[in-house]
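Visitor: Predicted model follows, preceded by the sequence.
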Amino acid sequence: MKHERGKHLRIAFDAICHGISVLDSDLNILLVNKTVEKWYPHALPVIGRKCYEAYHGKSKPCEFCPAERSLNDHSVQHEIVSVVEVDGAKGWREVSAFPVFGQNADLTGVVVCVREIKGRKEVEDLQKEYCKLEKRLYERTIELSKTKKELQAAISGLKKAEKSQKKTRAELELQTCKLEETNTALKVLMQQRIEAKTELEETVLLNAKELIVPFLERLNKSRLDSKQKAYVNIIESNLNEIVAPLVREFSKINLKLTPAEIQVTNLVRQGKTTKEIAEFLNLATSTIDFHRSNIREKLGIKNKKINLRTHLLSIS
């Protein structure tokens with residue numbers, strides 16, 4: 001079956017009235033049809049020989065050879081050439097070369113088709129047609145070159161824009177970083193001011209409680225007449241009026257605590273442990289635990305699962 005198919009293909013190949021030559025990539029003749037053998041009977045056998053040597057008796061490729069151009073450019077090439085027949089008559093032939101590619105898209109050779117041109121007018125028409133094709137090809141090449149330049153310019157512009165965008169992004173990131181650092185510094189300063197203000201308020205309250213309140217209590221317990229007691233009450237009331245604007249909820253709570261409990265409260269707020277507070281105040285840990293228990297009771301969180309430090313920070 002395969003042999004029969006090959007036989008039919010060979011018959012069809014030989015039946016083509018145009019001259020067909022199959023060349024390899026070095027212009028060696030691999031296969032020809034009967035038309036070529038009819039044209040060059042004096043050169044037979046031609047298989048295995050260079051096309052320019054077998055057909056034209058030359059030692060190098062012909063000038064403007066379409067087969068060579070097709071191999072170099074990997075494209076279809078055409079040429080109209082003059083020939084001198086065996087009887088000396090001059091004629092014209094249209095030579096077309098078609099590149100042949102293998103399975104891996106590698107160029108393996110070229111098929112050359114040669115058609116005889118009988119009339120001069122046909123030759124001129126073909127030459128005009130080729131001129132038109134060459135002109136269109138030239139114009140198309142110019143257009144492609146222009147398009148290529150435009151694309152290159154667009155790509156260059158995009159690259160510049162991308163570079164500028166990266167620079168802008170870097171500058172924004174730097175500004176953002178500086179703003180974050182400034183914001184952090186402001187937060188630290190604000191926290192320091194809050195802590196300083198809180199410390200001042202507590203100092204005022206502690207001094208009032210330790211330096212003034214005890215004497216007012218002694219005066220109240222002493223033998224005073226009604227007028228003197230009225231004066232003491234006025235002093236106590238005025239004192240409360242003076243310290244009231246300075247205190248917040250936490251400072252008001254401090255008024256309920258003893259001086260020792262206030263000290264313990266301040267150290268708890270700073271994150272000190274019971275052992276550290278005991279060492280700092282030179283007291284036993286059991287004494288600190290006693291004060292902590294009293295503080296929790298006065299704050300209303302005794303027997304509740306609430307962290308004392310967290311609660312103190314939340315109300316301060």
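Guide: Received it, and whenever you're ready, just let me know what you need.
Visitor: Run through the stretch 51-200 of the chain and note the low-pLDDT ranges.
Guide: 84-89, 119-127, 198 (pLDDT under 70).
Visitor: mind listing the helices for it?
Guide: Taking DSSP state H, counting those that start in this stretch to define them, one finds helices in the stretch 51-200 of the chain at 51-56, 66-73, 120-207.
Visitor: now those as a markdown table including distance to residue 260?
Guide: In short, each C-beta sits where N, CA and C put it, glycine included. Listed next are those as a markdown table, based on distance: least, CB to CB, whole Å:
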| stretch | distance to residue 260 |
| --- | --- |
| helix 51-56 | 117 |
| helix 66-73 | 103 |
| helix 120-207 | 11 |
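Visitor: And these: which comes nearest residue 101?
Guide: helix 66-73 (11.5 Å; CB to CB).
Visitor: Switch the helices of the stretch 51-200 of the chain over to a markdown table; also include mean neighbour count and distance to residue 225.
Guide: Shown next, in a markdown table, are those (neighbours: other CB atoms under 10 Å; distance: least, CB to CB, whole Å):
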| stretch | mean neighbour count | distance to residue 225 |
| --- | --- | --- |
| helix 51-56 | 19 | 145 |
| helix 66-73 | 19 | 129 |
| helix 120-207 | 11 | 29 |
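Visitor: Tell me the residue in the chain that is farthest from the middle.
Guide: residue 225 (88.1 Å; CA atoms, centre = their mean).
Visitor: Check the spacing between that residue and residue 208 real quick.
Guide: Look at residue 225 and residue 208: by CB to CB, to the nearest Å, they are 26 Å apart.
Visitor: Residue 175 now?
Guide: Relative to residue 208, and taking CB to CB, residue 175 is found at 49 Å.
Visitor: same deal with residue 189?
Guide: From residue 189 over to residue 208 the distance is 29 Å, taken as CB to CB.
Visitor: returning to what we had before: right, and the helices of the stretch 51-200 of the chain - which one's nearest residue 105?
Guide: Using CB to CB, the nearest of the helices of the stretch 51-200 of the chain to residue 105 is helix 66-73, at 14.8 Å.
Visitor: List the contacts of that closest one.
Guide: 23, 25, 27, 51, 61, 75-79, 95-99, 107, 110, 112 (CB atoms under 8 Å, 6 or more residues apart in numbering).
Visitor: Buried among those residues? Need that as a selection in ChimeraX.
Guide: Buried members of the contacts of helix 66-73 can be picked out in ChimeraX with the line below, counting by 16 or more other CB atoms under 10 Å:
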select :23,27,51,61,77,78,79,95,96,97,99,110,112
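Visitor: you'd agree residue 43 is up against residue 56?
Guide: No. Counting by CB atoms under 8 Å, residue 43 stays clear of residue 56, with 9.4 Å between them.
Visitor: List the contacts of residue 54.
Guide: If you count contacts by CB under 8 Å, 6+ apart, then residue 54 has 29, 40, 43, 46 around it.
Visitor: same question but for residue 82, I mixed them up
Guide: 90, 91, 92.
Visitor: Repeat the analysis, applying 10 Å as the threshold.
Guide: By CB atoms under 10 Å, 6 or more residues apart in numbering, residue 82 lies in contact with 90, 91, 92, 93, 117, 123.
Visitor: how near is it to residue 93?
Guide: Distance from residue 82 to residue 93, by CB to CB: 8 Å.
Visitor: cool, and residue 182?
Guide: Per CB to CB, residue 182 is found 87 Å from residue 93.
Visitor: how much space between the residue farthest from the centre of the chain and residue 80?
Guide: In this structure, residue 225 and residue 80 are 144 Å apart, going by CB to CB.
Visitor: Could you do residue 114 as well?
Guide: 11 Å.
Visitor: Equivalent analysis for residue 192, please.
Guide: In this view, residue 192 and residue 80 are 97 Å apart by CB to CB.
Visitor: cool, residue 61 as well?
Guide: 17 Å.
Visitor: Packing partners of the helix or strand encompassing residue 230?
Guide: Applying DSSP states H and E as the criterion places residue 230 in helix 226-243. Packing partners of helix 226-243 (3 or more CB pairs under 10 Å, 6 or more residues apart in numbering; DSSP states H and E): helix 120-207, helix 213-221.
Visitor: Just want the angle from that helix to helix 120-207.
Guide: Comparing the axes of helix 226-243 and helix 120-207 via axes from the mean of the first three to the mean of the last three CA atoms, to 10 degrees yields an angle of 170 degrees.
Visitor: from the chain's centre, how far out does helix 226-243 sit?
Guide: 74 Å (CA atoms, centre = their mean, to the nearest Å).
Visitor: Compute the inter-axis angle for it and helix 213-221.
Guide: Using the same axes, to 10 degrees: helix 226-243 against helix 213-221 is 160 degrees.
Visitor: Enumerate residues external to helix 226-243 that contact any of its residues.
Guide: 201, 204-205, 207-209, 212-213, 215-220, 222-225, 247, 251-252, 255.
Visitor: Select from the contacts of residue 54 every entry located in strands.
Guide: Using DSSP state E, residue 29 are the members of the contacts of residue 54 that sit in strands.
Visitor: Thanks a lot, see you next time.
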